[in-house]
Each structure stands twice: as C-alpha cells, then as structure tokens.
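Turn this into a model:
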Amino acid sequence: MPDKPIPPVDPWAEPFWAGAREGRLVIQKCADCKKHVFYPRISCPFCFSERLEWVEASGRGKVYSHTLVQNNAPSAFMEDVPFTIAIVELEEGVRMMTNIVECDPEAVHCDMPVEVTFERLTDEITLPKFRPLAKGGKTDA
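The predicted model follows:
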C-alpha cells in the first residue's frame, strides 16, 4: 500500500504549517478589510490587499458539511475506513476541509460543535483535525 500523500508547503503558507507544528491553528486576517482568510493566500480575496497578517484562531467551530467514507478503492487510506471528511466553519467565519476524529464517524452531524486537535505526520507536517468539543466548551460559530 502506498504511503499517505503529504501536503505541499507553499512559501506563503509556511506560517500555517509552522503554527500547526506548534499545536496552534493560525489563519490570515486582512489588515485592510479586517476579514479572516483561509486557505493561505498572497492577497485578500475580498479587497485584494496584500496586507494579510497571521492570527491565532480560536480552534473552535461547527461542522458545516460532512461525508462518511465507508469504502475506499485500494489506496493509502484503506486502513482508516470508516472516516469522516468535513467542512468545519470556524468561529472566525472561515471554512476548512478536515477530518473529524475521536468520535464514532456515524455520530458526526451538521452544526456539531468541534475543536481543533493535531496529528503529526512528519517533522515538517502536522495536520489540524477536529474532534467533538469537550463538555463545557463553548462555540459561537
């Protein structure tokens, strides 16, 4: 079975990956229009400013959409089946494609409160994933 693919690290996205290695979820925020931006870019998709700053995100959000993968053609992900791929909307308003972990995949539902956790793949790549929000946690996403 092939190894799982490793995401490419573009120079303008390095702060995102550095934050993940440190266990921090960082996203961009435009210094001009003040909107949060994700995925990492070189200019704001709202006002086209190049004044994007890196800020630490809350790490909390809600499941916006999801799918349960129960069958996967022979690939590096066969051993992970079943698993959940989701779009999570962070409290900051941006949406991220991710996996929901640390829960029964069939229990995942839209609007489910979640929080970030990290999975180290290599010395350079740590993936942000999301798990159900711990009891007592709060999200306003």
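
From the chain's centroid, how far away is the longest strand that the chain contains?
Secondary structure of the chain per DSSP state E: the longest strand is strand 60-69. Centre-to-centre, strand 60-69 and its host chain are 11 Å apart (CA atoms, centre = their mean, to the nearest Å).

Now do the helix or strand that that strand is followed by: which elements does it pack against?
Where DSSP states H and E defines the elements, the next helix or strand beyond strand 60-69 is strand 83-90. Packed against strand 83-90 by the contact rule (3 or more CB pairs under 8 Å, 6 or more residues apart in numbering; DSSP states H and E) you find strand 60-69, strand 95-100. In short, each C-beta sits where N, CA and C put it, glycine included.

which one of the ones you listed lies closest to Lys35?
strand 95-100 (13.2 Å; CB to CB).

Run the chain-centre distance for that closest one.
With CA atoms, centre = their mean, you get 4 Å for strand 95-100.

before we move on, back to that, for the longest strand of the chain, what is the average pLDDT?
Taken as a whole, strand 60-69 has a mean pLDDT of 97.

what do you get for stretch 100-114?
For stretch 100-114, the per-residue pLDDT averages 96.

list the contacts for Gly19?
Taking CB atoms under 8 Å, 6 or more residues apart in numbering, we find Gly19 in contact with Leu25, Val26, Trp54, Glu56.

quick one: which helix or strand includes it?
Per DSSP H and E: Gly19 is located in helix 14-21.

do Gly93 as well
Using DSSP H and E, no helix or strand contains Gly93.
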